[in-house]
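In: one predicted model, sequence on top.
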Amino acid sequence: MGRYGDPVRLISAEQLSSVLSRLPGRPRVVAGGNFATPWRALAVLDGAVAEYRLFVLNGQPGLPDRDGVLLETPFVGPGMRGRRGLRYFPSRLSLVPHLLKGDLPPDVVLVQTSEPVDGTVSLGIEVNILPAAIEAVRARGGLVVAQVNPRMPFTYGDAVLPVTEIDHAIETDEPLPVPAARPLGENARVIGDRVAELVPDGATLQLGIGAVPDAVLESLRDRRGLGIWSEMFSDGVLELEKAGALDPHDPVTASFAFGGEQLYDWIDRNGRVRMLRTEKTNDPGLIARRPRLVSINSALQVDLYAQANASRVDDVTYSGFGGQTDFVVGALHSPGGHAIIALPSWHPKADTSTVVPRLAGPVTSFQHSYIVSEQGTATIWGHDATTQAQQIVDRVAHPDARDDLREHGRALGFALR
């Protein structure tokens, strides 16, 4: 029996290093990503295994960067972006579990968990693809290693894991990382207000990551009866709860979360928060069952065909498909649902328009309901292609880009005024 009175196989870091050093070949290691990476367990692995493949979603800064470590991901985070030799696997997030059970089977899964409760631990703020990874590694006789941390909230749903599923565990007591504060600029606030105008009382929200989704949440505090069915959520959802905007009878449903300590305290043992595996939260069929599902995502670029690129820019994979494609499809099939792309009209760092005649990079999603910028709102669904392009030029694009867009649009066959 372990220190907690449960059969947790607690070992020291030195003992774990000895176990991992005996792994054959070049093992594939799946580790929790976002803000739940088990950094201590990962450091032990990195010191014990000369060569391995590390599969992480939205990896944060601090991932091993040396010869012998091959990074793999379907969603590039800041700790991977631009890294030499990165293997990017384009995939909808809902389909990543199929990759792990088929083409990319893991040999080791590293997770960070709560302390045990009644023979179970919780994956806390990061469920995501980890249940599928654990099932896949179990099927091939691999290892599940847990970093047990009393700071990890105990969340319910698919986050709950029997301790018997864990082969080895080490202890740590470290605060969970908190994302850097993102002050909302004036453009983000204007976009947030415009998007909020499209969200009725009683809607169910899905929001992506970034300043624009944060601004949207801030603009929705006067709504009532809102639900959350999302890939992820952050501090803005707690603010909606405090403002009385959320339906108290509808559980907040997501696959991962990150934010400040108040958010982590709120979700700890909170029966209103339900953390589900990716195959459920991102299933377009399940999304479509939610009435008035409003999907709100951002993009790096949109074009006159009303296509969005949120994946790649200037020959660098910036992120990946993520869940945008899953939720755009699900929202369009939801009764009364909408799929919204929101972005600034001008990219300040690149000093260029975010509206282009035709995407040069990959198409992340298309056939949206609305495209919104600080300039205005283009209604996409229900209009012919030329009207869509005209609205994008007139209502979304920056004024400095409109003449050029009209000229290129006519060359593409759009009868633009």
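Out: Okay, I see it.
In: show me the domain layout of this protein.
Out: The domain map for the chain lists 13-171, 186-231+282-411, with the assignment taken from automatic domain parsing.
In: a markdown table for the ones you listed, including mean neighbour count and mean pLDDT?
Out: To be clear about C-beta, it is placed using only N, CA and C from the backbone, and glycine gets the same treatment. As requested, the domains of the chain are arranged in a markdown table below (neighbours: other C-beta atoms under 10 Å; pLDDT from 0 to 100):
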| stretch | mean neighbour count | mean pLDDT |
| --- | --- | --- |
| domain 13-171 | 20 | 96 |
| domain 186-231+282-411 | 20 | 94 |
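In: which one of those domains lies nearest to residue 275?
Out: For the domains of the chain, distance to residue 275 was read as C-beta to C-beta. The smallest value, 4.2 Å, belongs to domain 13-171.
In: can you point me to the longest helix in the chain?
Out: Assignment by DSSP state H gives helix 399-411 as the longest helix of the chain.
In: nearest to residue 269, out of the domains of the chain?
Out: Within the domains of the chain, the stretch nearest residue 269 is domain 13-171; the backing value is 5.2 Å (C-beta to C-beta).
In: endpoints of the closest one, how far apart?
Out: Using C-alpha to C-alpha, to the nearest Å, the end-to-end distance of domain 13-171 comes to 9 Å.
In: same thing with stretch 198-209?
Out: Stretch 198-209 end-to-end distance (C-alpha to C-alpha) = 19 Å.
In: now do the strands in the stretch 1-150 of the chain.
Out: Per DSSP state E, counting those that start in this stretch, the stretch 1-150 of the chain has strands spanning 28-31, 52-55, 69-73, 87-88, 108-113, 120-122, 143-148. These are given in chain order.
In: residues touching the fourth one, excluding its own?
Out: In other words, strand 87-88. 53, 70, 71, 72, 73, 74, 76, 317, 320 (C-beta atoms under 8 Å, 6 or more residues apart in numbering).
In: quick check, nearest of these to residue 246?
Out: Of the contacts of strand 87-88, the one sitting nearest to residue 246 (C-beta to C-beta) turns out to be residue 320, at 29.3 Å.
In: ramachandran coordinates for the closest one?
Out: Here is the backbone geometry of residue 320 (degrees, to the nearest 10): phi 150, psi -180.
In: which residues touch it?
Out: 73, 74, 75, 76, 88, 90, 91, 311.
In: can you do 7 Å?
Out: 74, 75, 76, 88, 90, 311 (C-beta atoms under 7 Å, 6 or more residues apart in numbering).
In: put together JSON lines for those residues, with distance to residue 185 on each row.
Out: Converted to JSON lines, the contacts of residue 320 look like this (distance: C-beta to C-beta, whole Å):
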{"residue": "74", "distance to residue 185": "30"}
{"residue": "75", "distance to residue 185": "25"}
{"residue": "76", "distance to residue 185": "24"}
{"residue": "88", "distance to residue 185": "30"}
{"residue": "90", "distance to residue 185": "31"}
{"residue": "311", "distance to residue 185": "24"}
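In: residue 59: what's it in contact with?
Out: Here residue 59 is in contact with 33, 73, 77, 79, 80 (criterion: C-beta under 7 Å, 6+ apart).
In: let's go with 6 Å and repeat that
Out: Contacts for residue 59 (C-beta atoms under 6 Å, 6 or more residues apart in numbering) come out as 33, 77, 79, 80.
In: okay if I get those residues as TSV plus distance to residue 371?
Out: Rendered in TSV, the data for these read as follows (distance: C-beta to C-beta, whole Å):
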residue	distance to residue 371
33	29
77	26
79	30
80	29
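In: ramachandran angles for the spatially closest residue to residue 299 that is not a sequence neighbour?
Out: Excluding the flanking residues, the one nearest residue 299 by C-beta to C-beta, 6 or more residues apart in numbering is residue 308, at 4.0 Å. Here the main-chain torsion angles of residue 308 (degrees, to the nearest 10) amount to phi -120, psi 140.
In: nice, that's everything, thank you.
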